[in-house]
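>>> With the input below, show me the fold.
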Amino acid sequence: MRGALAAVAAVFAVAALPGQAYAAGEAGTYTFDPDAESVTGAEVSADAVALKPDTVYKSAISGTQKLYYRLNLDAKTNAYVSAVVVPKGAGKVSYADGFTVSIRDSSDAECSSQDTMFGPAEYPRPLAAYASRRIEEDGNCQDAGTYYVLVERDSKATSDQGEWDLELRYVSEPELAHPSSGPTDAPTSWPSASPPPPAAATDNTRRGGAGYYDATSLETGEWKDRIEPGQTLFYRVPVDWGQQFFATAGLSNSTSTKNPYVSSALAMSLENPALGHVGEVSPMSYAGKPASVSFDPLPPVAYENRNDSSDDVRGMRFAGWYYLTVSLSPAVAKEYGDKPITLTLQISVKGQAAKTPYKGDAGIFAVTQGDKDAAREGQSGAQAAADSASSGTMKLVAAAGIGAGTVLVLWMGVWTVIARRRAAAVPAAPPGGGQYPYGGPPQAW
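The predicted model follows:
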C-alpha cells in the first residue's frame, strides 16, 4: 500500500512540473544535457579520470590544450566517445581551427581518431567528432585494459585562445546477433538521385533546439523555422537500417532594399547517433535572395558502411537519430540586421526499414515506435525523454495501483470471513437472562 501511495505521489509531482520549453536559445547559447557529470581533463595521462559507459560529461578545454580521459575496456565491446566543443562568446576562429579526438591504448597506439574544423565558415559554433575502439579481426587495440581518450584543440595564435566548453559522451555498441554472417565490405554504389521535394505540412513550423540534448525531431517533409545571425539550430531525424537520408536547407529572401553579398553565410553538418561527424555541405553564400544547399546523396544505413575510408560513408553505420546542425554567420547581421531570417528544411527518409543486426535491446542504435511518434509530433529530445519517463512512472503507478487494489479486496474478504466466523462462534445467552462470565460475550473486531 505504501508503495502504491508513493507511486501516486510521484505522478502528482511529475504533473506539477512546468512544461518543457524547446524553443531555440539565443544566438551563441548551447543546451547541455542537464544530467551531464562534471569532469576535468588531465594534461598528464596518468592523472586521467575514468569515464563510465552510457554517460554524458561536461568539461572544458583552452587554447592548444591536449586533455586525457581514461577508459577501462573489455576485450569484446565496441566503445565510442564523442566530443562537442562549444566556443564561448564571439571570439575569432580561422579555417583550420578545430579539434581532434582519438582513443589510444596504454602504449599510445591510436585505435581511431576523427578531426573537425570550422573550414570556410569561419565563425564560432559547436563542432562534434568521435573516436572508437572496435573489436575486429586483425585489428589493433583488441585487448582488455586501460585506454585513453585524447582531445586536442587546434587554434592559430591569432585565434581565440580562451576556454571552450566540452561535452563528452561514452556509449557502447550492442553485440551482434550473428557476428560471422553478413557482408563485410562497404558499398561502392547506392541510389544517387535526390527525391522530389517533400510536401509541406499544414502546420510545418518547427523550432530548432539549442543543443544535441534538445534537438527538435523531424520526419520526412518540409519544415520552416527562423534563424538569427550567430545562431546554431539543432534537429534530429530517425533513420532506420536500410534507409537513405536526404536534407536541404534554404534561406528565404530579405526584404531589404539592398542585398549585399555574404560569403559562407549558412553552414550545415550531419552527425550520427553516436555523434560522430558524418559530413557537412559547402557553406552557402547569401545575397538577399532565396538560396539553398543540399547534402550529396548518402548511402543507406548499413553496418558494413564502417569499413569505408571516408567519414560520410562510414558515418552511416548505425540506425537511430541523425542530427542536423544549421548555423547562420554573425556577419549576416552587419549587412541585414540582427532580425531572424526564415529557414526552410526539406527532409526525406527513403527505403523500407531492414532488420537490426544486433542481439537484444539496441538502445540508441535503433528506431522505435516512440521515436517515430516524436518525429511526427515535432518533439525535442528533452520532451521525448520526459514523456518516456512519465510513461514509465504511469506504468509503475498502474501496476502498484492494481497490486494495492487486489491486496485491499483480498483483505476485505478475509476480514468479512473472520468476522462471520467469530459471530457464529458466540455462545447463546444463558437461560433465564443470566450474565456471561467475565463481562460478556467476545467483542467483534
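
>>> for the residue nearest to Arg306 when sequence neighbours are not counted, helix, strand, or coil?
Excluding its sequence neighbours, the residue lying closest to Arg306 (CB to CB, 6 or more residues apart in numbering) is Arg317, at 4.2 Å. All C-beta atoms are positioned from the backbone trio N, CA, C, and that covers glycine. Using DSSP: H, G, I helix; E, B strand; the rest coil, the structure places Arg317 in coil.

>>> show me what contacts Arg317?
Shown in contact with Arg317 (CB atoms under 8 Å, 6 or more residues apart in numbering): 272, 301-303, 305-306.

>>> State the pLDDT value of it.
The model reports Arg317 with a pLDDT of 97.

>>> got it, and Phe12?
Looking at Phe12, its pLDDT stands at 39.

>>> pretty sure Lys52 is touching Ser172, no?
No: using CB atoms under 8 Å as the test, Lys52 is too far from Ser172 to be in contact (10.5 Å).

>>> the more surrounded of the two?
Neighbours were tallied for Lys52 and for Ser172 using other CB atoms under 10 Å; the higher tally belongs to Ser172 (16 against 10).

>>> Phi and psi next, for the more buried one.
Dihedral pair for Ser172: phi -110, psi 140, per degrees, to the nearest 10.

>>> Could you shift the numbering so residue one becomes 14, and keep it that way?
Understood, numbering begins at 14; the last thing we discussed is Ser185.

>>> Need the per-residue pLDDT for it.
On the pLDDT scale, Ser185 gets 97.

>>> Leu337 versus Asp238, what's the distance?
11 Å (CB to CB, to the nearest Å).

>>> Name the spans of the protein whose pLDDT lies under the cut-off.
Applying pLDDT under 70 to the chain picks out residues 14-41, 194-196, 401-458.

>>> quick one on the thing from earlier: between the contacts of Arg330, which is nearest Pro208?
Val314 (16.1 Å; CB to CB).

>>> Am I right that that closest one is in contact with Pro286?
No: with contacts defined as CB under 8 Å, Val314 does not count as touching Pro286, sitting 9.7 Å away.

>>> Quick check: neighbours shared by the two?
Common neighbours of Val314 and Pro286, using CB under 8 Å, 6+ apart, are 331-332.

>>> Please enumerate the helices of the stretch 14-163 of the chain.
15-29 (DSSP state H, counting those that start in this stretch).

>>> Run through the strands of it in chain order.
Shown for the stretch 14-163 of the chain, the strands assigned by DSSP state E, counting those that start in this stretch span residues 50-51, 68-75, 79-86, 92-99, 111-118, 123-130, 140-146, 158-167.

>>> okay, and the common contacts of Asp238 and Leu337?
With contacts taken as CB under 8 Å, 6+ apart, Asp238 and Leu337 have Leu358 as neighbours in common.

>>> Now do the helices in the stretch 314-458 of the chain.
324-327, 344-349, 382-390, 394-438.

>>> Which other helices and strands does the third one contact?
Looking back up the chat, that one is helix 382-390. Judged by 3 or more CB pairs under 8 Å, 6 or more residues apart in numbering; DSSP states H and E, helix 382-390 is in contact with strand 229-230, strand 245-252, helix 394-438.

>>> just to revisit the earlier point, mind putting the strands of the stretch 14-163 of the chain into TSV with distance to Ser342?
Converted to TSV, those look like this (distance: least, CB to CB, whole Å):
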stretch	distance to Ser342
strand 50-51	32
strand 68-75	24
strand 79-86	29
strand 92-99	17
strand 111-118	17
strand 123-130	16
strand 140-146	15
strand 158-167	21
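
>>> Parallel or antiparallel, which strands does the helix or strand hosting Val291 pair with?
In the assignment (DSSP states H and E), Val291 maps to strand 290-293. Within its sheet, strand 290-293 is paired with strand 275-284 (antiparallel), according to DSSP bridges.

>>> Outside of the partner strand itself, list whatever touches it.
Contacts for strand 275-284 (CB under 8 Å, 6+ apart): 132-135, 138, 141, 225, 258, 260, 262, 264, 290-294, 296-300, 304, 306, 308, 311, 328, 335-342, 344-345, 348-349.

>>> Now that strand: buried residues?
275, 277-284 (16 or more other CB atoms under 10 Å).

>>> Looking at those, which one is closest to Leu356?
The closest of the buried residues of strand 275-284 to Leu356 turns out to be Leu279 (CB to CB; 8.3 Å).

>>> what's the offset of the strand holding Val291 from the middle of its chain?
Its chain's average C-alpha position is 16 Å from that of strand 290-293, according to CA atoms, centre = their mean, to the nearest Å.

>>> Over to stretch 71-86?
With CA atoms, centre = their mean, you get 21 Å for stretch 71-86.

>>> Same question for stretch 178-193.
Put simply, stretch 178-193 sits 13 Å off its chain's centre (CA atoms, centre = their mean).

>>> end-to-end on it?
Taking CA to CA, to the nearest Å as the measure, stretch 178-193 stretches 41 Å from start to finish.

>>> Which of the contacts of strand 275-284 are buried? Put it as a ChimeraX command.
To isolate the buried ones among the contacts of strand 275-284 in ChimeraX, judged by 16+ other CB under 10 Å, type:
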select :132,134,135,138,141,225,258,260,262,264,290,291,292,293,294,296,297,299,304,306,308,311,328,335,336,337,338,339,340,341,342,344,345,348,349
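
>>> The closest residue to Thr197 other than its chain neighbours: neighbour count?
Closest residue in space to Thr197, ignoring its immediate chain neighbours: Glu317 at 5.9 Å, by CB to CB, 6+ apart. Applying other CB under 10 Å, we find 17 residues neighbouring Glu317.

>>> Run a quick check on Glu317 versus Glu149, I expect a contact.
No: shown here, Glu317 and Glu149 do not form a contact pair, counting by CB under 8 Å, at 11.9 Å.

>>> quick revisit: how much space separates the residue nearest to Thr197 from Val106?
36 Å.

>>> Identify whichever of the strands of the stretch 14-163 of the chain lies nearest to Leu179.
Nearest to Leu179 among the strands of the stretch 14-163 of the chain is strand 68-75 (4.2 Å), distances taken as CB to CB.
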